[in-house]
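Asks: After the sequence you'll find the predicted model.
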Amino acid sequence: MRSTLLALIAIATLFAAPAAIAGPTCQDANGDTIRCGTTGAMPVGWTLPSEQRLRVLAERPAEPPPNLFGLGLFLIGFFALLALMPDFDGQWDRQELDEEEPQ
């Protein structure tokens, strides 16, 4: 009964907590997201016109492809560590030295 009451109290406090509301985000003259109130930030709600946005996106260089070599090395190392783990035989409580009877 006591644990049920504690669980209900915990659930009630979680539902009664106010929602966190994030502050507004602004854009700079190039259409990039920037924190409002900083140098170069446009007013709240301002968006870059669509013609200008297309021009800015066309001028930006293409992003380089992601480097998958590092990810491949990480995965090879991870699976190698898994392969080196000892086999599980289902007897965690008993050690090999415990099987010998003391004399």
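Replies: Received, thanks.
Asks: Could you list the low-pLDDT ranges of the chain?
Replies: 90-103 (pLDDT under 70).
Asks: now the strands: where do they sit in it?
Replies: Remark: strands assigned in the chain by DSSP state E are 25-27, 33-35.
Asks: Check what contacts stretch 33-43 and list those residues.
Replies: Residues external to stretch 33-43 that are found in contact with it (C-beta atoms under 8 Å, 6 or more residues apart in numbering): 23-29, 44. For every residue, glycine as well, the C-beta is placed using N, CA and C.
Asks: I'd like to know how many residues surround residue 34.
Replies: For residue 34, the count of nearby residues is 17 (other C-beta atoms under 10 Å).
Asks: Any idea what it is bridged to?
Replies: Using DSSP bridges, the bridge partners assigned to residue 34 are residue 26.
Asks: From residue 77, how far out is the residue nearest the centre of the chain?
Replies: The centroid of the chain falls nearest to residue 71 when counting by C-alpha atoms, centre = their mean (16.9 Å). Residue 71 sits at a distance of 11 Å from residue 77 (criterion: C-beta to C-beta, to the nearest Å).
Asks: go on, residue 46?
Replies: In terms of C-beta to C-beta, residue 46 sits 48 Å off from residue 77.
Asks: Check residue 16 too.
Replies: Distance from residue 16 to residue 77, by C-beta to C-beta: 47 Å.
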